[in-house]
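Enquirer: test case, fold it:
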Amino acid sequence: MRTKLTKIQVQTICRGSGRFRCIARRATHAIADISVDSRNLDQGLDFASVLDEKLNNELPKWNSFQGASIYKVPDRLRLVEPKAYQPNIVSIGPYHHGATHLRAMEKTKRSCFHGFFNPSKPDQPNQINAILKELKQMEQQMRSCYSEDLEIESEPFLNMMLVDSCFIIQLLRETGETDFSKKSVPIQRWMLPVLQRDLIMLENQLPMFVLNKVYDLTSSSNTCEATKNLGLKELALQYFEPMIYKDLDTPKNGALAAMEEGDGRSHLLELFRASICPTEVSQSKFPVKEPHMFRSVSELKESGVKVKKAEKCQPLDVSFKRGILKIAPVNMDDHRFTLFRNMVAFEQCHYGCKPHVTAYVFFLDRLINSGEDIGLLHYSGVLQHTLGGNKSAAKLVNNLCKEVAGAADDSYLRDVLWKINCYCNDGWHQKRAKLKHEYFYNVWVSIATIAAILVIYLTILQTVWELGDDGNRNHMLRTGFWPI
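Expert: Next up is the predicted model:
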């Protein structure tokens, strides 16, 4: 009985997050072995010492797991929208390697690999062997970047990492080449947006230090003049930039600068995420107790808040000042939803990053409750979409937060939400907004309202004139017809 209770407790603890699925599985097997050998307890052995020994042998070291940055998407997120996390035509890395529907692209990757090294040259085998030797020295570090156990032998693992790295690097190098006849990567036009979407998925990533190593060792093979002077990170950001609106003159933010100084365990998804994070994230000054009470666009309008498009800002920048809510413009389509979902999944799994995208997605979810809200955001220039009707677009935006753990305690928008709530809770702002919306919402209604006020005033004036004596009338004439 004691063994069963211990097994249930460990399973309960380990079930809390997708990051610990491997640990939970190994712990279950370890304790199962203990339950099988429970007869040892009858022989005088200490159960605690047996449990400790088994767990130490079976469970991975925390330090090795701590370095993981490429995760399997948790099942609760995957069930909401499976296609957002499943590559369409190409597999990168070990998670989807060998999938049946992705095998056709393996020939393209191999063709790209041979073109990359130009096997007709006699020294190319030596160069390939030299790169494989460098990767061999980093194999354990590469494996530790993945949260799951990789049941793949050393040689095929290294070959896979090299071929996938060469494919990505050559694809990025030829991004600026518009003439398809000059491209060495044998891809068709319809593949470009699909590849862009596949390469940004969380489960379809390679560690950046691997890409950087292969990029540096093959820099002499770059035949594309337009990208010869660009680094790998610049090429990657240039490749993914069309996936989201971004001002050209936006300065580099702190998140991207900090990531560039890291240990290289990041990947393309994390790199692009860092490039769109808010420009400045200040410490919270106000205790936001109930951020879930934030109002929709329609309710903000009734409270006198104006929504405007922000300019020269990062894609996630949001500000509020003097009744004006400024939001960076955003374009919504299937590819952007895939981008947001994978960034949110990464933030849900990776303890080492701030949940900026998660906070932004929840902000949009609060802001949009109906098709009317979509229309108001579209009218203000904040949101454009190709998702059908406004009602369908609102439903899809709300689904972004389904099964996602909120970021209320660590949100960069806490100050903004607090200021908006304070503004909307002010009775004067509500009354002024109601007066404006009911009596001054367009030119003709405003003229009619002013005319009605003027008629009422003249009626009162006439009544006072007729009922007053000569002294009052003389006073009204001297003071501009204003009554006493």
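Enquirer: by mean pLDDT, flag the weakest helix or strand of this structure.
Expert: Least confident helix or strand, the chain: helix 2-14 with a mean of 42, by mean pLDDT, DSSP states H and E.
Enquirer: hey, where'd the strands end up in the stretch 251-400 of the chain?
Expert: Ranges of strands within the stretch 251-400 of the chain are 306-309, 318-321, 324-327, 330-332, 383-385, based on DSSP state E, counting those that start in this stretch.
Enquirer: dump the second one to PDB, restricted to CA.
Expert: To tie it back to what came earlier, the one meant is strand 318-321. Backbone C-alpha positions of strand 318-321 (Å, rounded to 0.1, in the frame of the first residue of the first chain) are rendered in PDB as follows:
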ATOM      1  CA  VAL A 318       1.300  48.900 -26.100                       C
ATOM      2  CA  SER A 319       0.900  52.200 -24.300                       C
ATOM      3  CA  PHE A 320      -1.800  54.200 -22.600                       C
ATOM      4  CA  LYS A 321      -1.800  58.000 -21.900                       C
END
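Enquirer: for that strand, name the packing helices and strands.
Expert: Applying 3 or more Cβ pairs under 8 Å, 6 or more residues apart in numbering; DSSP states H and E, one finds that strand 318-321 contacts strand 324-327, helix 414-425. No exception for glycine: its C-beta is placed from N, CA and C like everyone else's.
Enquirer: turn these into CSV, including mean neighbour count, mean pLDDT and distance to residue 311.
Expert: Formatted as CSV, the helices and strands packed on strand 318-321 follow (neighbours: other Cβ atoms under 10 Å; pLDDT from 0 to 100; distance: least, Cβ to Cβ, whole Å):
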stretch, mean neighbour count, mean pLDDT, distance to residue 311
strand 324-327, 19, 94, 8
helix 414-425, 19, 85, 17
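Enquirer: export those to TSV and tack on distance to residue 333?
Expert: Putting the helices and strands packed on strand 318-321 into TSV (distance: least, Cβ to Cβ, whole Å) gives the following:
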stretch	distance to residue 333
strand 324-327	18
helix 414-425	26
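Enquirer: residue 360: which of the ones you listed is closest?
Expert: strand 324-327 (9.8 Å; Cβ to Cβ).
Enquirer: contacts for the closest one?
Expert: 300, 305-310, 313, 317-320, 377, 382, 420 (Cβ atoms under 8 Å, 6 or more residues apart in numbering).
Enquirer: show the buried residues in those.
Expert: Among those, those classed as buried by 16 or more other Cβ atoms under 10 Å are 300, 305, 307, 310, 313, 317-320, 377, 382, 420.
Enquirer: low-confidence bits of the stretch 201-350 of the chain, can you list those?
Expert: 220-227, 246-264, 279-293 (pLDDT under 70).
Enquirer: which strands and helices sit next to the longest helix along the chain?
Expert: Taking DSSP state H as the criterion, the chain has its longest helix at helix 443-467. Counting contacts by 3+ Cβ pairs under 8 Å, 6+ apart, helix 443-467 packs against helix 427-439, helix 470-478.
Enquirer: any idea which of these has the lowest pLDDT on average?
Expert: Least confident of these, judged by mean pLDDT, is helix 427-439 with a mean of 58.
Enquirer: re the thing from before, out of the strands of the stretch 251-400 of the chain, which gets nearest to residue 86?
Expert: Closest among the strands of the stretch 251-400 of the chain, using Cβ to Cβ: strand 330-332, at 20.5 Å.
Enquirer: partners of the closest one, with directions?
Expert: strand 383-385 (parallel) (DSSP bridges).
Enquirer: quick check: mean pLDDT across the strand it pairs with?
Expert: So the average pLDDT for strand 383-385 ends up being 90.
Enquirer: so what touches that strand?
Expert: 329-333, 374, 377-378, 393.
Enquirer: got CSV for those residues, with distance to residue 447 too?
Expert: Listed next are those as CSV, based on distance: Cβ to Cβ, whole Å:
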residue, distance to residue 447
329, 34
330, 37
331, 38
332, 38
333, 42
374, 31
377, 29
378, 28
393, 36
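Enquirer: quick one: which of those residues has the most company?
Expert: Highest neighbour count within the contacts of strand 383-385: residue 377, with 27 neighbours (other Cβ atoms under 10 Å).
Enquirer: so which residues of the stretch 1-150 of the chain form strands?
Expert: Under DSSP E, counting those that start in this stretch, the stretch 1-150 of the chain gives no strands.
Enquirer: which stretches of it have low pLDDT?
Expert: Counting by pLDDT under 70, the stretch 1-150 of the chain contains low-confidence ranges at 1-47, 50-66, 118-124.
Enquirer: and the helices in it?
Expert: Secondary structure of the stretch 1-150 of the chain (DSSP state H, counting those that start in this stretch): helices located at 2-14, 21-36, 39-42, 47-58, 62-66, 75-78, 104-117, 124-137, 139-144.
Enquirer: can you give me the end-to-end distance of stretch 231-245?
Expert: Chord length of stretch 231-245, first to last residue, is 22 Å (Cα to Cα, to the nearest Å).
Enquirer: which residues touch it?
Expert: 169, 171-173, 175-176, 196, 199-200, 208, 211-212, 215, 227, 230, 260, 268, 271-272, 275-276, 315, 328-331, 335-336, 339.
Enquirer: give me the buried entries from the residues you listed.
Expert: Using 16+ other Cβ under 10 Å, the buried ones in those are 169, 171-173, 175, 196, 199-200, 208, 211-212, 215, 227, 230, 268, 271-272, 275-276, 315, 328-330, 335-336, 339.
Enquirer: let's see which of the residues you listed end up in helices.
Expert: 169, 171-173, 196, 199, 208, 211-212, 215, 268, 271-272, 275-276, 335-336, 339.
Enquirer: still on that earlier bit, can you pick out the most distant pair from the contacts of strand 324-327?
Expert: Farthest pair in the contacts of strand 324-327, by Cβ to Cβ: 300 and 313, 19.6 Å.
Enquirer: for stretch 448-467, list the C-alpha coordinates in PDB.
Expert: Output of stretch 448-467 as PDB, limited to C-alpha atoms (Å, rounded to 0.1, in the frame of the first residue of the first chain):
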ATOM      1  CA  ALA A 448     -29.000  69.300 -34.000                       C
ATOM      2  CA  THR A 449     -27.800  69.100 -30.400                       C
ATOM      3  CA  ILE A 450     -26.400  72.600 -30.400                       C
ATOM      4  CA  ALA A 451     -29.500  73.900 -32.100                       C
ATOM      5  CA  ALA A 452     -31.700  72.300 -29.500                       C
ATOM      6  CA  ILE A 453     -29.600  73.800 -26.700                       C
ATOM      7  CA  LEU A 454     -29.900  77.200 -28.400                       C
ATOM      8  CA  VAL A 455     -33.700  76.900 -28.700                       C
ATOM      9  CA  ILE A 456     -34.000  76.000 -25.100                       C
ATOM     10  CA  TYR A 457     -31.800  79.000 -24.100                       C
ATOM     11  CA  LEU A 458     -33.800  81.400 -26.200                       C
ATOM     12  CA  THR A 459     -37.000  80.100 -24.800                       C
ATOM     13  CA  ILE A 460     -35.800  80.700 -21.300                       C
ATOM     14  CA  LEU A 461     -34.600  84.100 -22.300                       C
ATOM     15  CA  GLN A 462     -37.900  85.000 -23.800                       C
ATOM     16  CA  THR A 463     -39.800  83.800 -20.800                       C
ATOM     17  CA  VAL A 464     -37.600  85.900 -18.400                       C
ATOM     18  CA  TRP A 465     -38.000  88.900 -20.700                       C
ATOM     19  CA  GLU A 466     -41.800  88.700 -20.700                       C
ATOM     20  CA  LEU A 467     -42.100  88.100 -17.000                       C
END
